[in-house]
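S.K.: Here's my sequence, what's the structure:
(chains A and B)
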Amino acid sequence: MKPKIDMTIPKRRAFSRLIAATSHNMTINHKLVMIIMLTCVATLIIAGGTFTGYEWNILRQLMVMNLSAQAETLAETCKAAVAFDDAEDAKETLSSLKVGPSIVFGGIYDEEGKLISAYYRYGSDRGVQPNSVQGDGYRFEGDYLTVFKCIILDGDVIGTVCIRSDLEPLRRMLFSSIKIILIIIGVSLLAAYFISSRLQSVVSQPIIKLTELAKAISEGKDYAVRGVKVSNDEIGLLIDAFNEMLDEIQHRDHALVEANKELEAKVAERTADLEAMIEKLNRSNRQLQEFTYVASHDLREPLRKISAFGQLLAASLSDKLESDDRENLDFMIDGANRMQQMVEALLTYSRITTKGVDFETIDLNEVVKELTSFELAVKIEETNAAVELPEPLHHVNCDATQVRQLLQNLIANALKYQKTGVIPKITICSSVQDDGMVRVEVQDNGIGIEEEQYNNVFTMFRRLHTRQEYEGTGIGLAVCKKIVERHGGDIGVSSVYRQGSTFWFTMPAAQEVTVNAASQSDSQATL
Amino acid sequence: MSVKPYRTSQLTVGVAFVLCACLVVAASETYPEHEVKAAFLYNFMKFTDWPVEKVPDSNDIMTIFVVGNYPECKTFKDIQEKSSESNPVQVRIFKSYEQIDDPNTLKQCHVLFICKDQKKHVGRILNLVKDSHVLTAGEDEGFLEAGGIINFVEYQEKLRFEINIPAASEADLKLRSKLLKLAKRVITDDTES
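M.R.: Numbering: from 1, shown residues only, chains lettered A, B, ... in the order given. Next up, the predicted model:
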């Protein structure tokens, strides 16, 4: 009947874990009600159990007292009967026990423990008779309460009275009191449920409101709303902290927006500055290009005159001049010619942007063929060079004149920068890159370029060799670079020094390339 | 009321007690009549109230006188040796009325038992102790009619007794109702029950 407190202590953690697990998805008001209900159940069970135990004890005591009183009365009444060994009278006395419905046995014993007379409610064969006699006292054994009382006559014990009662009334009383307690517990729990359902909102309502507020804020991004503080407890503090946090967020948000605006303004300002600068640069660039064009265009005419008339002069005076003067005149003519070449090259360079035309599909194979047949035919013949195309080149989308110029410059360079006594061998090949550009490579077996010079070769007027070694204006590769850049491509070189160089560039592939390539492969397939 | 819970040690004592009791019960079946009578005489004392002048103090020695040829009796010895809260008891046996030096000594006793063999002296003895508050007992059929107070009779092979209430009243003795209840015959004022 006692609550087993020592059992609940080591299990407490497991119990609260279980509660936490089962209430995982419950709302806070259900959780609160559940906690309150569990507490009530535990309290009521403990209280009910304790009370029942207490009552059981009281009932037992009461029963012992009643039975003892009866035994005492009996002992007093049957004194004479025992003293004079009168079984008849003793039996008569015992018959008074009939009144008590739960008394199953009554017995009067003499001082030696011999049964003088007995009373049986249900007959003597039911084994209800105690098998031993003792002094004053009681004992609970089996289903019976047995009370003994000594019969005392003038201070001498002359016998013993024994009364035995079954515990049925005790059980009945206990059972009915348990029933009452269970009803009380049920009614109390019902009351507890209604009260806690109403009162839990005191705790849960502010939290639920706060949760709703937080949800609304996270969905609506409105940091201007505030929670309403209703109490000065932890929840009140939580709401305060939440509001402070919102203040902070709002403040920061505001600052962030301001900073963003400021930044945007700054960016716009800078962009405008940059655009202005770019415009300015473009303008000066255009002016410079125009100047270059105009200058080189206008320089061409007087130079041609110097060169032409110099040559005429040299022809007419060839016999009259001293050998020194003749040599000087040749230097002059040569200088004029070279200057003419440089001006020509500069003009070409400046024309790239100023005189560019719209892009069209170009067959590079055709271009190479024409170059080797016309522009470069003399040089190829002189050097006995071989220009090879292992595979047909891809078509590109570009300015026809400029790509011709580009390839001419690269092939010319390959022919020019050659070791003496070596027959130039030039291989041109192409491939389509993933980004839709065609990469064209011009490979030679010439003198090669040291790696640290790779970038310098494309700079205007930068020459790696003296004029005596190799002739040139120092503009050719710069022109190439400019052409490639105008087409949105790249240009570069890789080389093995003294063994050969490979110049490569990328150009936009022609839209029809794939079609052509496909038709080619088709035709090959049909052949 | 003193209520003592039952203990195991008491159980063993109880068992031993029962074993002893069985032996005693076997013996008691053959209890001689004179022993039972002795016990009855002693018990009569306990259900009788004497006037204060006869028993001024509860510690006074109570005396049982027996007149007649009474056999050797163990019970009387036990009674005298008994050390209890109640008054100490003294038993004197006179073999016959003739042997009493001074018959007046009989007046001093509280209980006087006259044996069957002293039948012829009954009237005289009763007359002698009439005013001395003596509880007289006998074992003769006409004892009560002769003025005796209690008379032993045999009833269903058991020793029982009968009582003469007027005689007791005359002797200024009060017999408890419990005792009267046990009597097989009670003589009240001129009526018999």
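
S.K.: can you pull the pLDDT of residue 154?
M.R.: With no chain named, the answer covers chain A. Residue A:154 is assigned a predicted lDDT (pLDDT) of 79.

S.K.: wrong one, I was asking about chain B
M.R.: Note on residue B:154: pLDDT of 89.

S.K.: What residues are bridge-paired with it?
M.R.: With DSSP bridges as the criterion, residue B:154 is bridged to residue B:159.

S.K.: in the chain, which residue is closest to the centre?
M.R.: Unless you meant another one, I'm taking chain A. The centre of chain A sits closest to residue A:218, judged by Cα atoms, centre = their mean, with a distance of 18.9 Å.

S.K.: let's do chain B instead
M.R.: Centrality entry for chain B: nearest residue to the mean C-alpha point is residue B:41, 1.3 Å, by Cα atoms, centre = their mean.

S.K.: Go ahead and name everything in contact with the helix or strand containing that residue.
M.R.: Secondary structure from DSSP states H and E places residue B:41 in helix B:33-46. Contact with helix B:33-46 is made by A:83-85, A:153-154, B:62, B:64, B:70-71, B:73-76, B:79, B:86, B:89, B:110-111, B:113, B:135, B:137, B:139, B:150, B:152, B:159, B:161, B:179, as judged by Cβ atoms under 8 Å, 6 or more residues apart in numbering or on different chains. C-betas here are computed from N, CA, C, even on glycine.

S.K.: just the CA coordinates of that helix, formatted as PDB?
M.R.: The C-alpha coordinates for helix B:33-46 follow below in PDB (Å, rounded to 0.1, in the frame of the first residue of the first chain):
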ATOM      1  CA  GLU B  33     -14.500 -36.200  43.500                       C
ATOM      2  CA  HIS B  34     -13.000 -34.800  46.700                       C
ATOM      3  CA  GLU B  35     -10.400 -32.800  44.700                       C
ATOM      4  CA  VAL B  36     -13.200 -31.300  42.600                       C
ATOM      5  CA  LYS B  37     -15.100 -30.500  45.700                       C
ATOM      6  CA  ALA B  38     -12.100 -28.800  47.200                       C
ATOM      7  CA  ALA B  39     -11.700 -26.600  44.100                       C
ATOM      8  CA  PHE B  40     -15.500 -25.800  44.200                       C
ATOM      9  CA  LEU B  41     -15.300 -24.800  47.800                       C
ATOM     10  CA  TYR B  42     -12.400 -22.500  46.900                       C
ATOM     11  CA  ASN B  43     -14.400 -21.100  44.000                       C
ATOM     12  CA  PHE B  44     -17.500 -20.500  46.100                       C
ATOM     13  CA  MET B  45     -15.500 -18.100  48.100                       C
ATOM     14  CA  LYS B  46     -14.900 -16.000  45.100                       C
END
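
S.K.: buried sites along it?
M.R.: Neighbour counts over helix B:33-46 (16 or more other Cβ atoms under 10 Å in any protein chain shown) mark B:34-46 as buried.

S.K.: Tell me the one of the residues you listed nearest residue A:199?
M.R.: residue B:46 (74.4 Å; Cβ to Cβ).

S.K.: Which residue comes closest to the residue of chain A most remote from its centre once chain neighbours are left out?
M.R.: Farthest-out residue of chain A from its mean C-alpha position, per Cα atoms, centre = their mean: residue A:84, at 105.0 Å. Once flanking residues are discounted, residue A:84 sits nearest to residue B:182: 5.3 Å by Cβ to Cβ, 6 or more residues apart in numbering or on different chains.
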